[in-house]
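Trainee: One predicted model, sequence on top.
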Amino acid sequence: MIRNTILSLLGLSLAGTAKADWALNMPKGITDLSLETYNLHMMVFWWCVAIGIVVFGVMIISLIKHRKSKGAESATFSHSTTAEIIWTAIPVIILILISVPTAETMVKLEDSRNPDMSIVITGYQWKWHYKYQDSDIEFFSSLARSSVEARRKESGVDPFSVENYLLDVDNPVVVPRGAKVRLLFTSNDVIHSWWVVGLAIKKDAIPGIVNEAWFRANETGTYRGQCAELCGKDHGYMPIVVEVVEPEAYAAWVNSHDAEQ
Ligand SMILES: [Cu+2]
């Protein structure tokens, strides 16, 4: 029994690995700012690696070279102004080198002026509502039927057989490639968080407050996300799907929506 359980768990983890082409590290995303964010992340990562090598290098060399068995004697000095200046100045310089480009990117992230379109995103327990401010389009976006059926206890459906299980919705958000899209976030009940890795956006949707973010997608495709703020029992069942399409396809989508209404 236990052996079978372990084997099936192992099988699941291997199947998961094979299925989703996961990779370590942050993705580069599909916007200029997501790439900048990735580059900042890598810069800090390499600083950490360099500092780690220097600190552990000095420590390990000291441990080996100055062992008691080799006759090492403890130093007796208690203070060194030069050493203190050096170990204060170096971190300060490193922090400045990190903070300047970070501040530049953060300013850009906040600059949602002159958007081509705006979408109001409202969190609900447990779905998202999207309202395109420049047209009459508004809709709820809920967990896709296939996932709803498979997630039920004893549904008899194998979740692994469901494509994009818990990551698919009935009505995705559609946006044109190349347009500056401003997003306004709020909530109807509790705090949710709209998180789409490919756009490098994670913003809280808070009742009574409007948060803001923006993106300009450089590539078409389907980008998935999830609610990232524990918001109740179905927190894991309110995914996000953003479809970035060519401007012509977007215009056609808008027209088809207008025809429906
Ligand atoms: Cu939520």
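Mentor: Nice, I can see it.
Trainee: What parts of the stretch 151-261 of the chain come near the ion?
Mentor: By the criterion of Cβ under 5 Å from the ion, the positions of the stretch 151-261 of the chain lying close to the ion are 192, 227, 231. In short, each C-beta sits where N, CA and C put it, glycine included.
Trainee: please redo it, this time with the cut-off set to 6 Å
Mentor: Counting by Cβ under 6 Å from the ion, the residues of the stretch 151-261 of the chain lying close to the ion are 192, 227, 229, 231, 235, 238.
Trainee: Quick one: buried ones out of those?
Mentor: With burial judged by 16 or more other Cβ atoms under 10 Å, the buried subset of those is 192, 227, 229, 231, 235, 238.
Trainee: out of those, which are inside strands?
Mentor: 192, 227 (DSSP state E).
Trainee: possible to save the buried ones among the residues of the stretch 151-261 of the chain next to the ion as a markdown table with pLDDT?
Mentor: Output for these, formatted as a markdown table (pLDDT from 0 to 100):
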| residue | pLDDT |
| --- | --- |
| 192 | 98 |
| 227 | 97 |
| 229 | 97 |
| 231 | 96 |
| 235 | 96 |
| 238 | 96 |
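Trainee: which pair in the buried ones among the residues of the stretch 151-261 of the chain next to the ion spans the largest distance?
Mentor: 229 and 238 (10.6 Å; Cβ to Cβ).
Trainee: what's the overlap in contacts for these two?
Mentor: Counting by Cβ atoms under 8 Å, 6 or more residues apart in numbering, the contacts common to residue 229 and residue 238 are residue 192.
Trainee: Just grab the bridge partners of residue 119 for me.
Mentor: According to DSSP bridges, the residues that bridge with residue 119 are residue 132, residue 183.
Trainee: just checking, it touches residue 181?
Mentor: Yes - the criterion here is Cβ atoms under 8 Å, and residue 119 meets it with residue 181 at 6.5 Å.
Trainee: Can you check which residues contact both of these two?
Mentor: Overlap between the neighbourhoods of residue 119 and residue 181 consists of residue 175, taking contacts as Cβ under 8 Å, 6+ apart.
Trainee: more crowded one of these two?
Mentor: Set residue 119 next to residue 181 and count neighbours by other Cβ atoms under 10 Å: residue 181 wins out with 24 against 21.
Trainee: Please, which helix or strand holds the more buried one?
Mentor: Residue 181 is part of strand 180-187 when elements are defined by DSSP states H and E.
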